[in-house]
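1. okay, structure incoming, though there's no sequence with it:
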């Protein structure tokens, strides 16, 4: 699965040197680059040119990075990927402006290449991400959280951008609307599954994350909800831990493993549904698709299913 992914480093210009320097320092540590990887794989399936895939990859990463920068300001976060956040090194105001600059750069680059439909869809995706943030913030204060609400947050915050990553390649390849929609549905299911597995890793000792970080920030994630569903006596003890930097927990390892298993099974159902969508796309385009690329996408889904970090 692969070549190196497109860089999103910004070129220095004399009239905005400071913002370029600020962002390039942040972008030197890009994380897993899961979204560009997805674009590269779908681009391979639809036989896009490398420059086309790179354009979409840059747009996805800049939108994602802008949302992370703004999240860090809202959460007053001190670290991101093991390094100080922009708002820590500089200021909240400069971090917000830097995120805005990335959003503007996406518009410029996509417009230059006349990718108007993909830009429109990306703007709607950004709306979904913001709605998801609002929804999740409200759930931090809710007296009870449902599975439907948790899945809705996953679809808005994670699934929406992955849906764009998949469908934008089909739009650029000028494929039919049904294929575009199947690609979008694939991305949504993949995104929710990715988030569910991430919820199990919130309770992992080897993931590198702060144990039960979501709960400490007030969030009831999918695995926490399964703990409550399987063991109702944990409802009040768990809800009382929200927004607290706790050390002791009211559940035992057996209970936690049962809850994590339920969450991973739900993720597996979504990944199986996503694979069915790939099959539909392949049937619709039996001769024009790159079947090696389809195999790479299926390999990626296996990696997501087995993810431990």
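-> In hand now; what should we look at? In this text, all values refer to a predicted model and were calculated from it rather than measured experimentally.

2. ok, residue 33 - how many residues close by?
-> 18 (other CB atoms under 10 Å). All C-beta spots, glycine's among them, are computed from the backbone N, C-alpha and C.

3. my read: it touches residue 64, true?
-> No: the pair residue 33 / residue 64 is not scored as a contact, 9.4 Å apart, by CB atoms under 8 Å.

4. show me the shaky parts of the stretch 201-309 of the chain.
-> For the stretch 201-309 of the chain, applying pLDDT under 70 flags the ranges 207-208.

5. where exactly do the strands run in it?
-> With DSSP state E, counting those that start in this stretch as the definition, the stretch 201-309 of the chain shows no strands.

6. go on, the stretch 51-200 of the chain?
-> For the stretch 51-200 of the chain, strands defined by DSSP E, counting those that start in this stretch occupy the ranges 79-80, 83-84.

7. which one of those has the lowest average pLDDT?
-> Across those, strand 79-80 has the smallest mean pLDDT, namely a mean of 62.

8. residue 45 reaches residue 297, doesn't it?
-> Yes: between residue 45 and residue 297 there is a contact under CB under 8 Å: 6.9 Å.

9. those two: which is more packed in?
-> Using other CB under 10 Å, the more surrounded residue of residue 45 and residue 297 is residue 45, with 27 against 21.

10. what distance do you get for the residue lying closest to that one once chain neighbours are set aside to residue 203?
-> Using CB to CB, 6 or more residues apart in numbering and skipping the chain neighbours, the partner closest in space to residue 45 is residue 293 (3.7 Å). Residue 293 sits at a distance of 35 Å from residue 203 (criterion: CB to CB, to the nearest Å).

11. over to residue 184?
-> According to CB to CB, residue 184 and residue 203 sit 31 Å apart.

12. residues contacting the nearest residue to residue 128 once chain neighbours are set aside?
-> Leaving aside its sequence neighbours, residue 128 sits nearest to residue 160 (CB to CB, 6+ apart; 3.8 Å). Counting by CB atoms under 8 Å, 6 or more residues apart in numbering, residue 160 makes contact with 125, 128-129, 132, 188, 191.

13. I'd say residue 60 and residue 164 touch.
-> Yes: between residue 60 and residue 164 there is a contact under CB under 8 Å: 6.9 Å.

14. ok, back up a step: quick one: the residue nearest to residue 128 and residue 154, what's the gap?
-> 10 Å.

15. common neighbours of the two, please.
-> The contact lists of residue 160 and residue 154 share residue 191, where a contact means CB under 8 Å, 6+ apart.

16. still on that earlier bit, of residue 293 and residue 203, who's got more company?
-> Comparing residue 293 with residue 203 by neighbour count (other CB under 10 Å), the higher total belongs to residue 203, at 25 against 18.

17. how close does the more buried one get to residue 217?
-> From residue 203 across to residue 217, the span is 14 Å (CB to CB).

18. swap in residue 108?
-> To residue 217, residue 108 is 34 Å away according to CB to CB.

19. between the two, which has more neighbouring residues?
-> For residue 108 and residue 217, the more surrounded residue by other CB under 10 Å is residue 217, and the numbers stand at 14 against 8.

20. count the residues that sit near residue 287.
-> When neighbours are counted by other CB under 10 Å, residue 287 comes out with 4.

21. show me what contacts it?
-> Applying CB under 8 Å, 6+ apart to residue 287 gives no contacts.

22. residue 47 versus that one, what's the distance?
-> 12 Å.
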